[in-house]
Structure formats: C-alpha cells, structure tokens
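Participant: all I have is the shape, not the residue letters:
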Ligand code: SF4
C-alpha cells in the first residue's frame, strides 16, 4: 500500500502571485514530514525548512507547498491542472518514501528567496509606511534580513489578509524569522 493515498482539495482561491490563475488548499491523509528530507535531497530547487518542517516544490512554473497534512498549490490554471499537480505530487512522495533507503536525506535549507518572490506578495501600494520609498526596496531589505515583515504596516492593516498569510508562509518555509504569533497557515 502506498504511503500517501489521498490528497483532497478543500478550497480554491485566486492566485496571489498571478491573478489570472488560481491556488488550492488540500488535505492529505498523512503528515509527510518524515519524507521531506528525501524530497529535499531529490529536488535541487526545493525550499526546505527542517525546523518547520515545511517544503515547497516546483513543477514548471507551479508551486506546491506542504506543512504537516496541508498542501497548497499556486499558479494553477484550472481544476484539472490542480488535479494533475496533485497526482504528480502523490507519485513523487510515494517514490521518495519507497526509495528512502537509497536516498541520503538532506535537512539543509537550500534556496534563498529573491526580492521578486517577496514583492509579488506585498500590497504594492508604495505607501512608504515601512520607511522605504517603494515595496520593491522593502522586498530587497526583507530578503537580506535588514527589515522585518512587521515593518510593513500596510500588510497588517486587515486589507491584505490573503497576501499576509501567503507571505508569512513563504518566509517561514524559507527559514526566515517570523514571530510565532504570526505564523499561521492560509
Ligand atoms: S509599508 Fe508595505 S505596502 Fe507600504 S511601501 Fe512598505 S512594503 Fe510597500
């Protein structure tokens, strides 16, 4: 019997990074934390945080992020695309689990976020409340850990809750420090 059997979509939402696409939130029948170091070893472009643990994998331009039993997919074209991504994800989790004796697990964080990864999830109002002239300037400092997400008053104003959740999840997944009271999953 396979390690991971069921991944059930529970919510479809607009994609935050690409407004013309969708994202999904799904639940798995199993917590796959024990498989994450093997996925991190196999996928060179994985974003992994062993302290979560959290992992984000890429398939083409699509992203799939996992924590515990929850999976979210972004930059998805439609429901059929979401189902295909989930099918691929289940297959690679099960393959990694079955072959775990021949894979050297990797618990290192590999990828650093880029300013663009952050910028896409900011309110993009250039309101200057963070002390920076533009959201892109703030994104550059956030990536370099010279500024905290808490400095962006706009994202905590209540008007950008979806973006706030996605940004916090992205930061936590990549191993950035975010106060625990803000570490919530969407
Ligand atoms: S406070 Fe947030 S929204 Fe305003 S400029 Fe800074 S990063 Fe952009």
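Facilitator: Structure's in. What do you need? This structure is a prediction, so every number in the text was calculated from the model and none was measured. Residues are numbered from 1 along each chain as shown.

Participant: strands of the chain, start to end?
Facilitator: 7-14, 22-28, 47-49, 54-59, 62-67, 70-76 (DSSP state E).

Participant: right, and those - which one's nearest the ligand?
Facilitator: Closest to the ligand of the strands of the chain, according to C-beta to the nearest ligand atom: strand 7-14, at 19.1 Å. Glycine gets a C-beta too; all of them are placed from N, C-alpha and C.

Participant: which parts of the closest one are buried?
Facilitator: By neighbour count, and taking 16 or more other C-beta atoms under 10 Å as the criterion, the buried residues in strand 7-14 are residue 7.

Participant: please begin residue numbering at 777 from this point
Facilitator: All right, first residue 777 from here; so that's strand 783-790.

Participant: with mean pLDDT as extra columns, can I get the strands of the chain in TSV?
Facilitator: TSV is the format used below for these (pLDDT from 0 to 100):
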stretch	mean pLDDT
strand 783-790	94
strand 798-804	95
strand 823-825	85
strand 830-835	90
strand 838-843	91
strand 846-852	92
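
Participant: of all these, which one comes closest to residue 923?
Facilitator: Across those, residue 923 has its closest neighbour in strand 823-825 (19.9 Å, C-beta to C-beta).

Participant: that closest one pairs with which strands?
Facilitator: In the sheet containing strand 823-825, the strands it pairs with under DSSP bridges are strand 830-835 (antiparallel).

Participant: pLDDT below threshold where in the chain?
Facilitator: Applying pLDDT under 70 to the chain picks out residues 886-887, 955-962.

Participant: and this protein, what are its domain boundaries?
Facilitator: Taking automatic domain parsing as the reference, the chain has its domains at 783-878, 891-958.

Participant: and the strands of the chain as a markdown table, adding distance to residue 873?
Facilitator: Below are the strands of the chain laid out as a markdown table (distance: least, C-beta to C-beta, whole Å):
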| stretch | distance to residue 873 |
| --- | --- |
| strand 783-790 | 14 |
| strand 798-804 | 13 |
| strand 823-825 | 16 |
| strand 830-835 | 14 |
| strand 838-843 | 14 |
| strand 846-852 | 16 |
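
Participant: just put the ones you listed in CSV and tack on distance to the ligand.
Facilitator: Listed next are those as CSV, based on distance: least, C-beta to the nearest ligand atom, whole Å:
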stretch, distance to the ligand
strand 783-790, 19
strand 798-804, 21
strand 823-825, 22
strand 830-835, 22
strand 838-843, 22
strand 846-852, 21
